[in-house]
Every structure is written in C-alpha cells, then in structure tokens.
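Undergrad: Need coordinates for the below:
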Amino acid sequence: MHVYLELITEFGTYTCEVLEVDEDQFLQLKDYVKSYHLESFEAFLQDGSYMVVPQSTLYRSQLFIRILE
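TA: Reported below is the predicted structural model:
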C-alpha cells in the first residue's frame, strides 16, 4: 500500500513523501502517529525538501496518514 503523512500546523500544511508499506509497517506507522508530538518531527516532503519541526509546534498540530489507492 502507498501512504504519505500530512502534517498540519499553524504555519501551514506539509505533505511528506509517498512511502510503500506493508500491513505490519502500516500498523507501526499508526503507532508512531499516536505519539509523534513527543519529540521533534523530521521528514522528506514530496517536493524533495527536508523539514524538522520542533516539539513545541507539534503540540498544536495534526498528523494524518493518507492512503493512496
């Protein structure tokens, strides 16, 4: 399955790169999303850039797992 993370913060919406994951990896990703705000968030975006978001910003954000069909 192909998925990507979408982080919505007060500064904007950030679309992470598309990942190919199996069922076990998807479950691990779901577990990560439940506690992503406990440390800084790092990811490659779909435009190829790399971002790091501090924990203080993550407390006021939402992280979604989007599934591509």
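
Undergrad: Now do the contacts for Phe64.
TA: Leu5, Glu6, Leu7, Ile8, Val33 (CB atoms under 8 Å, 6 or more residues apart in numbering). Yep, even glycine has a C-beta here, placed from its N, CA and C like the rest.

Undergrad: From those residues, which land in strands?
TA: Of these, the ones assigned to strands by DSSP state E are Leu5, Glu6, Leu7, Ile8.

Undergrad: give me the number of residues near the second one?
TA: Residues contacting Glu6 under the criterion other CB atoms under 10 Å number 14.

Undergrad: Does it touch Ser61 like I think?
TA: No: the pair Glu6 / Ser61 is not scored as a contact, 10.5 Å apart, by CB atoms under 8 Å.

Undergrad: which residues in this structure form strands?
TA: For the chain, the strands defined by DSSP E cover 2-9, 12-15, 19-20, 41-44, 50-53, 62-68.

Undergrad: buried set for the fifth one?
TA: It refers to strand 50-53. Applying a neighbour-count criterion of 16 or more other CB atoms under 10 Å, one finds Val53 buried in strand 50-53.

Undergrad: Contacts only, for Val18.
TA: His2, Val3, Tyr4, Gln46, Leu68.

Undergrad: so what's the third one up against?
TA: Applying CB under 8 Å, 6+ apart to Tyr4 gives the contacts Thr15, Cys16, Glu17, Val18, Leu19, Gln46, Ile65, Arg66, Leu68.

Undergrad: Report the beta-bridge partners for it.
TA: Beta-bridge partners recorded for Tyr4 (DSSP bridges): Arg66.

Undergrad: What spatial separation is found between it and Ser56?
TA: Going from Tyr4 to Ser56 by CB to CB, to the nearest Å gives 24 Å.
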